[in-house]
Every structure is written in C-alpha cells, then in structure tokens.
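Q: I need the structure of the sequence given here:
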Amino acid sequence: MPPGTLRGRCKQKCQCGSGGVCHPETGQCQCAEGFYGPTCALKCLTDPTSAQCNQTCECEHGGVCGAAGECRCPAGYTGQRCESVCSEGTWGSMCAFQCRCQNDGICHPATGECQCGMGWMGRHCQLECPPGRYGPDCRLDCACHANMTCDRFSGCCECGPGRYGRYCELECPPGLYGIYCKQVCDCLNGATCDPRTGECYCAPGFTGATCQEPCPPGQFGAMCRQRCRCGAYNCRKDTGECLCPPGLTGLDCASACSPGRYGPGCQEECECHNGGTCDPATGRCTCVRGWLGPKCKDKDVPRFTTTAEHRGRADIPVEDS
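A: Sure, this is the predicted structure:
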C-alpha cells in the first residue's frame, strides 16, 4: 500500500500535516511531537511530549507561539502576549532600537521611519519646510497669491509689503502702502505711491520726493526730464505744449494767428463784421470806412452843418475826424 493512502482500494489521501501519519484503515492522524489537531495543523504551546498539547496560542498582533507557549512578537510590539506597542522613542524587533527622529517627530514602531510634525521634513525631521509648503512632513501647498509665503506650521499667509487679505490676494488701495497696507502715502499733486515702498510716482509736471515741486522753467513731463522747445517762451509743465503769448502760435510760437483768429494760441474767433479786422493779440476790431462800433456793426451816418457863406444855399457834410 503506498504511503499516505488508506486500505481498500487506496483511493483516499491522508490529510495529516506537520509530519503526522494517518491510520491506514480509519485515516485518523497520529501527530508528530509538538503538533496536535485533526490534521496536526496546530502547534503545541507547552512540552510537546505532555498531555497538555491542546492549548490555544494567545499571542496578539500577529505574534507567533513557541513550542513552550512563549510569544515571538513582530517588530513594533512587546509584552508577554505582544499586547503593547513599543514605547515612545523605540522601535523594531523586541523594541530594541532607538528612534532618531528630531523636532518632535515620531518614529514608526515597526520600521523606525520618522513621521514629522508640523513644519518639518526629512529622513529624521531635521529640515524646515521650504517656501510654499507647510504642515506635517511639509506635504501641503500654501495657497498664498503673488508668490507670498505661508507659516510653515499653520499655513496662514504672511503677506509682504503692498498686499493684504487672507491669501494676500489684494493690493493696497490707493493712498496706502507697506505691511498690511497700514501706512499712508504722502504724495502730492495727483501722484501715486508704490504699494510696497511708498515711493511717489509724480504726475507729469511735478518733481521732488513727494512731488511737491512744479517743473522749473524750460522743463516738462515725467520727473521734469524733458526740455521745452518753445524758444523764448515757456511750455505746459505736463505736455510740453508751448504757452504762446496772445497772437502767436506754432511749435515754437513763431507764427501769427491766421485771419479771423486771435488770443492765446489763436483759440478765439474774431467777431468783427463788415470787413473789419481784429487785433491778433486782443481781438479788438479795426473797422473799414463807413462802419463803427466794437464789432463794426454800426453804420457811419454823416452829420451836416450850415456855414454863413453858404446859408440858404447848401449844406456841407461834416466827417468825423
């Protein structure tokens, strides 16, 4: 009869394990020393030769019983029944190794791998979070705008000069600058200030630390860096346009007003009628013969007188001198 089979036609296979042998007729297992159970699959906890080879292993957390019942604990556990996790600062088999985590990092009781706290990273939690990261093991991304940084522990945004808001998403409103926009700009004459530094950006036509000074004669534009091109005359401080005296116009005030125009820049229209002409500077009308009045609208009517020698014969018109 082949080993491991039963009598009869030897068609049934023995189910005994761990070196056990089955009875050739009944199939009952005869277990080797140190094992018991219907198929010899259970390991004895005490002396394998004793009659007490029927106890159950009481090891916890995956611990394995020895033949005498003692527990062999997996890495990270200790105690008679492997019921306790390694105490803080130790890890590994029998909790025999010392943790090397820094800055309040906690090591895994089985592997010794460091689990870093808020604001720290690295194999031994020896590194601070880089800019833009925060939280445990620096796993979280900061949500701050404009490349602002956040607190590596809490993630709260730390706004630099010129920004404010929960995420530093807002720029200082006009007239304010600095950290959290708490400082007031002192720029004058329509100038704006840098929201970070408070430096004044002058409007064209002004200069000075607070834009308090108009451009000196002959200069104009941003920071008064451009020179007027008006010859002997001045120009507008903001645009550089020539400020010609009444009656003159042109880039350098070299041209007289065209007929029918007068005044500063020749902007005014003459109001002289009936062929009258106006002074290009003042607009005063010069009337042609036969017309009078400020606008040459009144007709000149001749006046008549009588002389002694002509009395009774004729009237002689008297012209205005």
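Q: buried ones in stretch 161-180, by neighbour count?
A: Within stretch 161-180, the residues scored as buried using 16 or more other CB atoms under 10 Å are 161-165, 167-168, 171-172, 176-178. C-beta coordinates here come from the backbone N, C-alpha and C atoms, glycine included.
Q: stretch 121-129 now?
A: Within stretch 121-129, judged by 16+ other CB under 10 Å, the buried ones are 121-122, 125, 129.
Q: of all the residues you listed, which two lie farthest apart?
A: Greatest spacing in those, by CB to CB: Cys125 and Cys129 (11.0 Å).
Q: what's in contact with stretch 243-258?
A: Identification of contacts with stretch 243-258 by CB atoms under 8 Å, 6 or more residues apart in numbering yields 229-236, 242, 262-266, 279-282.
Q: which ones among those residues are found in strands?
A: Within the contacts of stretch 243-258, residues falling in strands by DSSP state E are Tyr262.
Q: just the buried residues of the contacts of stretch 243-258.
A: Buried among the contacts of stretch 243-258 (16+ other CB under 10 Å): 230, 234-236, 242, 262-263, 265-266, 279-280.
Q: nearest to Val85 among the residues you listed?
A: Each of the buried ones among the contacts of stretch 243-258 was checked against Val85 using CB to CB; the closest is Arg236, at 83.6 Å.
Q: where in the stretch 1-150 of the chain is pLDDT low?
A: Under the criterion pLDDT under 70, the flagged ranges of the stretch 1-150 of the chain are 1-9, 36-37, 43-56, 67-68.
Q: all helices for it, in order.
A: When assigned using DSSP state H, counting those that start in this stretch, the stretch 1-150 of the chain turns out to have no helices.
Q: of the buried residues of stretch 121-129, which is the nearest to Gln102?
A: Distance to Gln102 across these (CB to CB) is lowest for Cys125, with 5.0 Å.
Q: for the closest one, which non-adjacent residue is spatially closest?
A: Once flanking residues are discounted, Cys125 sits nearest to Gly105: 3.3 Å by CB to CB, 6 or more residues apart in numbering.
Q: now flag whichever of the buried residues of stretch 121-129 is closest to Ser18.
A: Relative to Ser18, the closest of the buried residues of stretch 121-129 is Cys125; by CB to CB it sits at 46.8 Å.
Q: the closest one and Cys114 touch, don't they?
A: Yes - with contact defined as CB atoms under 8 Å, Cys125 reaches Cys114; the gap is 5.1 Å.
Q: got any residues that touch both of those two?
A: 101, 105.
Q: ranges for the strands of the stretch 201-321 of the chain?
A: With DSSP state E, counting those that start in this stretch, the ranges of strands along the stretch 201-321 of the chain come out as 206-207, 213-214, 219-220, 226-227, 248-249, 255-256, 261-262, 268-269, 277-278, 285-286, 291-292, 298-299, 303-305, 316-318.
Q: Asp137 is nearest to which of those strands?
A: Nearest to Asp137 among the strands of the stretch 201-321 of the chain is strand 206-207 (54.6 Å), distances taken as CB to CB.
Q: partner strands of the closest one and their direction?
A: Next to strand 206-207 in the sheet, as set by DSSP bridges, lie strand 213-214 (antiparallel).
Q: least confident of the buried ones among the contacts of stretch 243-258?
A: Lowest-confidence member of the buried ones among the contacts of stretch 243-258: Gly265, scoring 82 (pLDDT).
Q: and it, how far is that from Asn274?
A: 27 Å (CB to CB, to the nearest Å).
Q: and if you look at Cys71?
A: 129 Å.
Q: go on, Gly198?
A: Distance from Gly198 to Asn274, by CB to CB: 64 Å.
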